[in-house]
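Visitor: Sequence and predicted structure are below.
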Amino acid sequence: MLPQSGAVAGSLPRAAPRVHVAPRPPAALRAGLFLWVPVCLSAGIGLWFLRPGLFSPAEWGALACLLVCAGTVARMAPHWAERGRLTWPQADALHLGAMALCFVALGTGLVAFRAAHVAAPVLEWRYYGPVEGRVIQIDRSGRDRMRLTLDRVVLHDLSPERTPAKVRLSLMDDHALPPLGQRVMLTGHLGPPSAPSSPGSFDFRMFAWFDSLGAVGYTRTPILAVTPPEGGLWWAHRARMVISAAIQDRIGGQAGAVAAALMTGDRSGIAEETNDVMRASNLYHIISISGLHMGMLAAFVYGAARLVLVAVQGAGIGLARPMHKWAAGIALAAAAAYLWLSGGGVATERSFIMVAVMLGAIIADRRAISLRTVALAATIVLIYSPEALVSAGFQMSFAATIALILVYGPWARIAPRVPWWIRPVAMLVVSSMVAALATSPIAAAHFNRMAQYGLLANLLAVPVMGTLVMPAGVIGAVLALVGLEAPALWVMGVGTEWMLWVARFVSGLGGAVTGVAKPPAPVVPLMGFGAVLCILCWRPPSRRGWLTRAGLGLGVVLLAASAVLWMTARRPLLLIASEGEAAGLMTSAGRAISKPSGGAFVVSTWLQEDGDMGDQEQAAARPAWTGDARDRQAPLPHGWQVWHLTGKGSGARAATACRPNRIVVASEPVDIDGTPPCLLLDPKRLRRSGAVAIHMTADGPRITPGATMRLSR
């Protein structure tokens with residue numbers, strides 16, 4: 001037998017050529033790591049909010065080192081497995097953990113950079129005097145007063161380096177409102193953004209920081225124009241306000257104000273009474289432009305455009321295919337126009353991103369409704385505005401969207417067996433119930449209220465919103481170009497009037513609103529991350545690996561921990577306001593307030609967080625406090641007493657009342673040499689601690705101070 005060509009007789013056979021075997025891809029990539037990107041970013045952002053503050057160079061350096069090290073480990077893990085230093089399961093786990101750590105660090109860096117980027121001076125004292133600035137926003141306060149937000153601010157005898165970038169003033173009288181972009185002058189009372197009403201309450205200072213809002217206050221004087229309104233972009237903003245005014249004039253009443261809010265984002269015409277009934281009926285989300293409005297508008301434009309394009313194509317006019325991509329492009333343009341028309345608020349921008357990602361998926365031949373689409377939208381929002389993570393709007397909108405996506409598959413299998421004439425109603429009921437179940441715990445945790453008949457209100461109002469109000473708004477916007485918008489606005493007015501009737505009817509039902517006590521701070525993060533772990537780690541039992549089993553188990557543990565924490569939480573026995581103007585003692589009948597007036601906003605926040613539906617006057621009538629109107633006292637457990645002294649001379653009276661086993665609260669500074677024999681809380685001491693919560697133990701009072709503001713320019 002002849003040797004093969006190239007071989008020499010009697011020589012050893014050559015070794016077979018080495019075949020390169022591609023490395024096994026890490027499990028994280030096989031499982032779809034992208035779904036975990038917003039989860040890890042959120043974890044990093046949440047870590048920053050545990051102790052918010054501007055990073056020092058050393059902290060930035062440590063974060064950069066962590067990113068480099070974690071990124072290096074993630075990159076090298078597959079190579080170590082190829083060389084036999086690690087098994088592939090070990091390399092997979094190491095790669096996954098290092099990538100997760102990278103994104104957690106990126107989340108922390110994003111929010112820290114954002115906090116530094118928006119840093120602006122904050123007023124540190126009370127100011128009264130002339131205020132000059134440019135009007136950039138007009139809205140209505142929770143007390144039903146019009147408000148102006150000014151930038152390019154000038155304050156008397158205050159250097160530009162210490163002047164807030166923005167200030168907001170409530171108008172105490174009915175003055176004519178200036179146009180947006182106009183520079184005005186007025187005399188105002190200003191102060192720093194308010195501290196939390198109690199430890200763990202909403203911190204308005206944090207919200208103001210990310211909005212570069214350095215002072216808030218009010219004015220009683222007329223508003224004087226300094227210069228004519230600016231052009232350019234401000235012309236567009238003024239045009240939006242003109243459109244809002246036209247809608248309100250054409251439709252009239254609160255129906256017109258709601259219609260204007262839906263189309264332009266201008267809620268200044270909506271009275272606080274309307275806001276109250278919308279909240280009590282769980283329809284307040286309709287007033288705020290959100291994913292619901294943007295989705296309805298985009299869906300209507302997409303469907304209408306697709307029908308028109310198909311009809312034109314069927315008529316023999318040659319058009320490029322496929323038509324659904326053209327329709328998605330038209331709907332995307334309409335959504336962008338709606339974003340401009342609505343004023344481009346944070347919630348509206350978030351909604352536009354979600355809708356734009358879904359329409360972009362249609363254009364790119366991808367599934368428009370999937371968890372990947374939601375993950376991409378969430379990632380974009382967190383990169384653009386990381387502080388949105390802690391807002392109720394972000395949490396509720398994404399919770400509802402994810403819940404609806406999860407129920408879409410089962411519904412698609414069941415829907416063909418449902419009679420066609422029941423199918424739309426059944427789909428509406430199912431989607432409303434799913435969205436309500438997903439968002440109710442979040443809403444209760446943030447707002448301490450539950451609308452018992454919210455599902456009924458949404459079933460009656462949302463279909464009208466989708467079939468009448470939003471389509472009529474789109475058609476009216478198109479017909480307005482030729483002056484024929486009146487019929488469309490009439491239809492829109494009928495729809496908004498119906499929604500208001502539903503809100504009034506539902507809010508008037510007995511037990512429409514139930515108070516819910518504020519949960520401890522860890523509850524919402526535990527609940528959110530637990531739910532996400534359960535969703536992303538869910539697999540059929542036959543496909544569950546050790547990692548998915550561990551993740552699913554951890555998710556269940558986190559959900560159970562959040563429920564236990566919430567159910568076993570105890571509200572503070574005693575709450576003291578940050579300036580000593582109010583004190584509230586928890587009793588068997590609810591929190592008893594020391595005075596029927598004073599500190600109204602703080603007291604209303606306390607009662608709301610207790611889940612108490614009463615007002616300050618009712619709370620002050622509860623038995624606990626004794627004494628005259630200025631010197632109030634109440635017994636505490638373990639032989640202690642609390643004294644609340646207010647009015648002129650309260651500091652001197654507090655010095656006399658300061659004795660052992662007493663908590664003395666005064667609305668004026670108290671001068672006592674040495675260490676006070678009592679637990680003394682006056683404005684001077686409360687300025688350092690903020691509002692305080694007190695629990696009584698056998699060893700004496702246990703004080704929880706309010707959060708201190710670590711953000712400082």
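Guide: Perfect, thanks for sending it.
Visitor: Show the contacting residues for Leu307.
Guide: Residues near Leu307 by CB atoms under 8 Å, 6 or more residues apart in numbering: none. (Glycine included, C-beta is placed from N, CA and C.)
Visitor: Alpha carbons of the host helix or strand of it, as PDB, please.
Guide: Using DSSP states H and E, Leu307 maps to helix 291-314. The C-alpha coordinates for helix 291-314 follow below in PDB (Å, rounded to 0.1, in the frame of the first residue of the first chain):
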ATOM      1  CA  GLY A 291     -47.700  55.900  29.700                       C
ATOM      2  CA  LEU A 292     -51.400  55.400  29.500                       C
ATOM      3  CA  HIS A 293     -52.000  58.700  27.500                       C
ATOM      4  CA  MET A 294     -48.900  58.300  25.400                       C
ATOM      5  CA  GLY A 295     -49.700  54.700  24.700                       C
ATOM      6  CA  MET A 296     -53.400  55.500  23.800                       C
ATOM      7  CA  LEU A 297     -52.300  58.300  21.500                       C
ATOM      8  CA  ALA A 298     -49.600  56.200  19.800                       C
ATOM      9  CA  ALA A 299     -51.900  53.200  19.400                       C
ATOM     10  CA  PHE A 300     -54.700  55.400  17.800                       C
ATOM     11  CA  VAL A 301     -52.300  57.100  15.400                       C
ATOM     12  CA  TYR A 302     -50.600  53.800  14.600                       C
ATOM     13  CA  GLY A 303     -53.900  52.000  13.900                       C
ATOM     14  CA  ALA A 304     -55.400  54.900  11.900                       C
ATOM     15  CA  ALA A 305     -52.200  55.400   9.900                       C
ATOM     16  CA  ARG A 306     -52.000  51.700   9.100                       C
ATOM     17  CA  LEU A 307     -55.600  51.600   7.900                       C
ATOM     18  CA  VAL A 308     -55.100  54.700   5.700                       C
ATOM     19  CA  LEU A 309     -51.800  53.400   4.200                       C
ATOM     20  CA  VAL A 310     -53.300  50.000   3.500                       C
ATOM     21  CA  ALA A 311     -56.300  51.600   1.900                       C
ATOM     22  CA  VAL A 312     -54.100  53.800  -0.300                       C
ATOM     23  CA  GLN A 313     -52.000  50.700  -1.200                       C
ATOM     24  CA  GLY A 314     -55.200  48.800  -2.000                       C
END
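Visitor: need the next SSE after the least confident helix or strand in the chain by mean pLDDT, C-terminal direction.
Guide: One helix or strand of the chain scores below all others by mean pLDDT, DSSP states H and E: helix 27-31, with a mean of 44. Once helix 27-31 ends, the next helix or strand along the chain (criterion: DSSP H and E) is helix 37-50.
Visitor: buried sites along that following helix?
Guide: For helix 37-50, burial by neighbour count (16 or more other CB atoms under 10 Å) applies to Val37, Pro38, Val39, Cys40, Leu41, Ser42, Ala43, Gly44, Ile45, Gly46, Trp48, Phe49.
Visitor: The first one contacts Val104, correct?
Guide: The reference is to Val37. No - taking contacts as CB atoms under 8 Å, Val37 lies outside contact range of Val104: 10.7 Å.
Visitor: Spatially nearest residue to Val430, not counting backbone neighbours?
Guide: Spatially, and ignoring its direct neighbours in sequence, Val430 is nearest to Trp411 (6.2 Å; CB to CB, 6 or more residues apart in numbering).
Visitor: For Arg417, see how far away that neighbour is.
Guide: Here Trp411 is placed at a distance of 11 Å from Arg417 (CB to CB, to the nearest Å).
Visitor: Comparing the two, which residue is more hemmed in?
Guide: Neighbour totals were compared for Trp411 and Arg417, and Trp411 leads with 17 against 7 (other CB atoms under 10 Å).
Visitor: what's the distance between the more buried one and Trp420?
Guide: Trp411 is 15 Å from Trp420, by CB to CB.
Visitor: One more: Val523?
Guide: Distance from Val523 to Trp420, by CB to CB: 43 Å.
Visitor: out of these two, which sits in the more crowded spot?
Guide: Using other CB under 10 Å as the criterion, Val523 and Trp420 rank with Val523 on top: 20 against 8.
Visitor: and the longest helix seen in the chain, which residues are buried?
Guide: Ranked by residue count, the top helix of the chain under DSSP state H comes out as helix 88-117. By neighbour count on 16+ other CB under 10 Å, the buried set for helix 88-117 is 88, 91-96, 98-112, 114-115.
Visitor: Which strands or helices does the host helix or strand of Met450 pack on?
Guide: Per DSSP H and E: Met450 is located in strand 449-451. In terms of contacts (3 or more CB pairs under 8 Å, 6 or more residues apart in numbering; DSSP states H and E), strand 449-451 is packed against helix 272-280, helix 423-447, strand 513-515.
Visitor: Output these in TSV; the columns should cover mean pLDDT and mean neighbour count.
Guide: Below are these laid out as TSV (pLDDT from 0 to 100; neighbours: other CB atoms under 10 Å):
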stretch	mean pLDDT	mean neighbour count
helix 272-280	88	19
helix 423-447	86	17
strand 513-515	91	16
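Visitor: Let me have these in a markdown table, adding distance to Met465 as columns.
Guide: Formatted as a markdown table, the helices and strands packed on strand 449-451 follow (distance: least, CB to CB, whole Å):
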| stretch | distance to Met465 |
| --- | --- |
| helix 272-280 | 13 |
| helix 423-447 | 11 |
| strand 513-515 | 22 |
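Visitor: domains in this protein, as residue ranges please.
Guide: 27-117, 127-230, 261-347+358-367+440-515, 523-568, 574-705 (automatic domain parsing).
Visitor: Of all those domains, which one comes closest to Val407?
Guide: domain 523-568 (12.0 Å; CB to CB).
Visitor: residue boundaries of the strands in the stretch 551-700 of the chain?
Guide: For the stretch 551-700 of the chain, applying DSSP state E, counting those that start in this stretch gives strands covering 574-576, 583-587, 590-593, 631-635, 641-645, 662-666, 679-681, 692-697, 700-705.
Visitor: and Leu66, which of those strands is closest to it?
Guide: Across those, Leu66 has its closest neighbour in strand 700-705 (31.0 Å, CB to CB).
Visitor: Counting neighbours, which bits of the closest one end up buried?
Guide: Neighbour-count burial for strand 700-705 [16+ other CB under 10 Å]: Pro701, Ile703.
Visitor: How far away from the center of its chain is it?
Guide: Taking CA atoms, centre = their mean, to the nearest Å, one finds strand 700-705 lying 31 Å from the centre of the chain it belongs to.
Visitor: ok and that strand relative to strand 641-645, angle-wise?
Guide: For strand 700-705 and strand 641-645, the angle between their directions (axes from the mean of the first three to the mean of the last three CA atoms, to 10 degrees) works out to 50 degrees.
Visitor: What is strand 700-705 packed up against?
Guide: Secondary elements touching strand 700-705 (3+ CB pairs under 8 Å, 6+ apart): strand 692-697.
Visitor: for this protein, which strand is longest?
Guide: Longest strand in the chain by number of residues (criterion: DSSP state E): strand 127-140.
Visitor: Show me what that one is packed against.
Guide: strand 146-155, strand 166-171, strand 183-191, strand 213-219.
Visitor: Find me the pLDDT at Leu54, would you?
Guide: On pLDDT, Leu54 comes in at 90.
Visitor: Next: the one 3 residues further on.
Guide: Taken from the predicted model, the pLDDT recorded for Pro57 is 93.
Visitor: just for the chain, where's the confidence low?
Guide: 1-32, 289-292, 316-321, 343-347, 707-710, 712-713 (pLDDT under 70).
Visitor: Name the residue closest to the centre of it, please.
Guide: Compute the mean C-alpha point of the chain, and by CA atoms, centre = their mean the closest residue is Ser391, 1.8 Å away.
Visitor: For it, give me phi and psi.
Guide: Backbone torsions for Ser391, taken as degrees, to the nearest 10, come to phi -90, psi 150.
Visitor: quick one: it and Leu459, what's the gap?
Guide: 27 Å.
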